[in-house]
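A.B. asks: Provided below for reference: sequence and predicted model.
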Protein chains: 2
Amino acid sequence: MDMTSLERALALDAADELAPFRERFIIDDPELIYLDGNSLGRLPRASAELARELVSAQWGRRLIRGWNDSWFGLPERIGGKIAGLLGAAADEVIVADSTSVNLFKLATAALQARPGCRRIVTDALNFPSDLYVLQSVLDLCGGGHLEVLRSSDGMTLPTEDLAAALNEPTALVSLSHTAFKSAFVHDMAAVTDLAHRAGALTLWDLSHSVGAMPLDLEAYGADLAVGCGYKYLNGGPGAPAFLYVRRSLQPLLRNPLAGWFGRQDPFGFALEYEPEAGMRQFLTGTPPVLSLALIEPGVDLLLEAGMERLRAKSVRQTEYLISLWEEVLQPLGYSLGSPREAARRGSHVSLSHPEGWRINRALIEQMHVIPDFRAPDLIRLGVTPLYTTYTELHRAVEALRRIAAERLYEEYPVQRQGVT
Amino acid sequence: MDMTSLERALALDAADELAPFRERFIIDDPELIYLDGNSLGRLPRASAELARELVSAQWGRRLIRGWNDSWFGLPERIGGKIAGLLGAAADEVIVADSTSVNLFKLATAALQARPGCRRIVTDALNFPSDLYVLQSVLDLCGGGHLEVLRSSDGMTLPTEDLAAALNEPTALVSLSHTAFKSAFVHDMAAVTDLAHRAGALTLWDLSHSVGAMPLDLEAYGADLAVGCGYKYLNGGPGAPAFLYVRRSLQPLLRNPLAGWFGRQDPFGFALEYEPEAGMRQFLTGTPPVLSLALIEPGVDLLLEAGMERLRAKSVRQTEYLISLWEEVLQPLGYSLGSPREAARRGSHVSLSHPEGWRINRALIEQMHVIPDFRAPDLIRLGVTPLYTTYTELHRAVEALRRIAAERLYEEYPVQRQGVT
């Protein structure tokens, strides 16, 4: 069989033991090829049902009693389930706020736990938003140095580069575990070891890892982590984020954003703050219940499918995409913007092309394929093994081929426009 | 007609021009007397409909394209509508995060705008969460003094007490406009004037004022404000909060929680932070879209009914409640925990009783009346003129009378339990 044929894709789908999970999502536009589950995961059927229940029965009928019924415990309950995806204990994870706000809390707490040291190490593969937050933390804590390591190939950062940067005392190493542009994956165990030798705590942004690959924070010795709820977790647009604090660190760190939801006995309304024990101390204000509760069904699906099986499929699918790129797209000027080594690659494949922006528009508008575009020229193809099919990947590559071969992108302006 | 009769209540309802607004809410348990709209507002019919649209059509079908369709602009669009309730311009208000996180942002920004001065004045009538946040801000900014003015009657704080406290240089005066326990309302114009003379900026928590009474931030000269979306705005459990910054201050303040949603051109993913102009700079991370979007229908209802008419009804209803208290409840040991003067009272009436906690349980469990309890002994009766009827108030008072007269509370334990 021709390895690039549609028949091959259909055969791979037929042999996919995870294929039935696609039915657990609402997919009412089957012609749409959605390769952006790493920006916003699809809608689980169970979430659509839960949303009705949340609004009509819980808010509408139970009203304020909803807090006693279930809402008050949602941050821990859903956090505990996410812990199962992270290789963490249930009492080490809680859901709260946005990824950026959680990063602020934990980076500030980490700096305060390292008095006299004001150096933070990160890299330029990290989310820019994380760099903004880290700089904010330093500014607010009285200054310090944010070392942003540059990637020589724009795609990866060898652990040796971190080793060199960690030759001097450092308070915090904060990195995206999986880089949002290239999908490069840091070696968390090795980096953590280096960080600890430099006296630093580690703070990982897991937004592009959680739900995409098994993690074992405990085995890696990770100290702190945050991550988002709306990508591979399928929690819905802008779903709240989570934060992880290694159990032994929990009594040593202090949430700099003290608020009533992190207080002992919040409904006692005492004038002085006394942090709650455990992860709850890292809460601040009242959580957005509807957006929060809707994280749970997507997490349940991941737990049911199992991260080992999902990762195996994700690797097979990204390998498949890369093999199609090599055969079909490379000759047309597309370059691979993600690592070839599967162990160092997350669940998306980025392709660059000098006409990337215009190709991306043509993909969306002419081909009904939704990838994501990342400046300056990256087309990011997200594989979400709960619902992505080989046939979809095949059709997306065929669309990319036609757009380049037939120069279908030429009708679009060169400039990037719009929000995404 | 006996002023305390049910007939009188029915007659007042019949004459109420705002009564039809009750039909705009889903009230499928008409026996329930809900007097806690100041903790969690009821579900507008339009919100139930919007929730279906948000989940199934926007998230489910439009997927990531939802950001371009409408989500990206929600913080300003809904903020602009809330501005209409505050007497502010549309470009002075934005929706983001929780009230506590927003308070943190604005208090920090205000302190940074008053270099060399580290004194914040507040009072003990304020939300305790606000005191936690203000103390956090001082701790993080290198120390300072939080002056917490005590109320001599536990209910009010005369403006003269603030005048005395503002005899020395002060960076910030931060108060709840309407006190969450007693409903006491500060004189915002007078306090602002005193604060400005002391060199301080003012930061108001409007959580118990917005949607409960007309405000005119511009006329009062208010500098900064925050407020919550889930009380009188009817935005749903834990709905995000809003923040207000007087236009002339916007270029002078800097959001200490820099994140990608507050950056110019966030999808350019530049490594350096450049704040967006105007209110958008006060955003941080990705907002919880479902909880955010559901604020809008409740705000629309308030705008449609008009805050002047709503306030007039609110005053009539709280006066009515107080007159019933005086006739029926005072002889049974209930004390009034709210100001008598309507101009200094928000939209709830608090009653205290030595057996307050047990009476509150009996109200909920035996009488199907839901008030809110606030330690140590306050039963808080919230009037939400969009849907509260005089008949409900009458029935609630009758329930309070029976519980005390027949000592129906005696079957409950003395200790406070549970979440609310």
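C.D. replies: Sure thing, it's come through. Just so you know, these numbers come straight off a predicted model, no measurement behind them. Numbering: from 1, shown residues only, chains lettered A, B, ... in the order given.
A.B. asks: what about chain A, any weak spots by pLDDT?
C.D. replies: Along chain A, the model assigns pLDDT under 70 to residues A:415-420.
A.B. asks: can you list the domain ranges for it.
C.D. replies: With domains defined by automatic domain parsing, chain A comprises A:6-30+A:306-411, A:48-304.
A.B. asks: quick one: closest of the ones you listed to chain B.
C.D. replies: Nearest to chain B, of all those, is domain A:48-304, at 2.7 Å by C-beta to the nearest C-beta. For the C-beta atoms, the positions are set from N, CA and C on the backbone; glycine is no exception.
A.B. asks: how far does the closest one stretch from one end to the other?
C.D. replies: In domain A:48-304, first residue to last residue: 18 Å (C-alpha to C-alpha, to the nearest Å).
A.B. asks: cool, and stretch A:138-146?
C.D. replies: 8 Å.
A.B. asks: cool, and stretch A:2-20?
C.D. replies: 26 Å.
A.B. asks: same check, this time on stretch A:366-383
C.D. replies: 21 Å.
A.B. asks: buried stuff in that stretch?
C.D. replies: A:367, A:369-374, A:377-383 (16 or more other C-beta atoms under 10 Å in any protein chain shown).
A.B. asks: coming back round to it: pick the most deeply packed of the domains of chain A.
C.D. replies: domain A:48-304 (a mean of 22; mean count of other C-beta atoms under 10 Å in any protein chain shown).
A.B. asks: farthest pair in the buried residues of stretch A:366-383?
C.D. replies: Pairwise distances across these (C-beta to C-beta) peak at 20.4 Å, for the pair A:377 and A:383.
A.B. asks: and the domains of chain A as a markdown table, adding distance to chain B?
C.D. replies: Shown next, in a markdown table, are the domains of chain A (distance: least, C-beta to the nearest C-beta, whole Å):
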| stretch | distance to chain B |
| --- | --- |
| domain A:6-30+A:306-411 | 5 |
| domain A:48-304 | 3 |
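A.B. asks: quick one: which of the ones you listed is nearest residue B:259?
C.D. replies: Distance to residue B:259, taken as C-beta to C-beta, is lowest for domain A:48-304 among those, at 3.6 Å.
A.B. asks: ok, now which ones touch residue A:370?
C.D. replies: A:32, A:33, A:34, A:35, A:36, A:363, A:364, B:63, B:64, B:65 (C-beta atoms under 8 Å, 6 or more residues apart in numbering or on different chains).
A.B. asks: right, and the fifth one touches residue A:371 too?
C.D. replies: Looking back up the chat, that one is residue A:36. Yes - contact criterion C-beta atoms under 8 Å: residue A:36 and residue A:371 qualify, at 6.3 Å.
A.B. asks: now for those two: what residues contact both?
C.D. replies: Joint contacts of residue A:36 and residue A:371 (C-beta under 8 Å, 6+ apart) are A:380, A:382.
A.B. asks: just put the buried residues of stretch A:366-383 in JSON lines and tack on secondary structure.
C.D. replies: Converted to JSON lines, the buried residues of stretch A:366-383 look like this (DSSP: H, G, I helix; E, B strand; the rest coil):
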{"residue": "A:367", "secondary structure": "helix"}
{"residue": "A:369", "secondary structure": "strand"}
{"residue": "A:370", "secondary structure": "strand"}
{"residue": "A:371", "secondary structure": "coil"}
{"residue": "A:372", "secondary structure": "strand"}
{"residue": "A:373", "secondary structure": "strand"}
{"residue": "A:374", "secondary structure": "strand"}
{"residue": "A:377", "secondary structure": "coil"}
{"residue": "A:378", "secondary structure": "strand"}
{"residue": "A:379", "secondary structure": "strand"}
{"residue": "A:380", "secondary structure": "strand"}
{"residue": "A:381", "secondary structure": "strand"}
{"residue": "A:382", "secondary structure": "strand"}
{"residue": "A:383", "secondary structure": "coil"}
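A.B. asks: what sits against residue A:387?
C.D. replies: Residue A:387 touches A:21, A:22, A:25, A:27, A:37, A:42, counting by C-beta under 8 Å, 6+ apart.
A.B. asks: make a markdown table from those residues and add secondary structure to it.
C.D. replies: What follows is the contacts of residue A:387, written out as a markdown table (three-state DSSP):
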| residue | secondary structure |
| --- | --- |
| A:21 | helix |
| A:22 | helix |
| A:25 | strand |
| A:27 | coil |
| A:37 | coil |
| A:42 | coil |
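A.B. asks: do a quick rundown of the helices in the stretch 151-300 of chain A.
C.D. replies: For the stretch 151-300 of chain A, the helices defined by DSSP state H, counting those that start in this stretch occupy A:159-165, A:188-197, A:217-220, A:289-293, A:296-305.
A.B. asks: mind checking which of those is nearest residue A:252?
C.D. replies: Nearest to residue A:252, of these and by C-beta to C-beta, is helix A:188-197 at 14.8 Å.
A.B. asks: using CSV, write out every CA atom in that closest one.
C.D. replies: Output of helix A:188-197 as CSV, limited to C-alpha atoms (Å, rounded to 0.1, in the frame of the first residue of the first chain):
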residue,chain,number,x,y,z
MET,A,188,11.9,17.5,33.2
ALA,A,189,13.9,15.1,35.4
ALA,A,190,17.3,16.3,34.1
VAL,A,191,16.3,20.0,34.3
THR,A,192,14.9,19.6,37.8
ASP,A,193,18.1,17.9,38.9
LEU,A,194,20.2,20.8,37.5
ALA,A,195,17.9,23.4,39.1
HIS,A,196,18.0,21.8,42.5
ARG,A,197,21.8,21.8,42.4
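A.B. asks: nearest residue to the middle of chain A?
C.D. replies: Nearest to the mean C-alpha position of chain A, by C-alpha atoms, centre = their mean, lies residue A:207 at 2.0 Å.
A.B. asks: didn't that one look like it was pressed against residue A:129?
C.D. replies: No - Residue A:207 lies out of contact with residue A:129 (C-beta under 8 Å); the separation is 9.9 Å.
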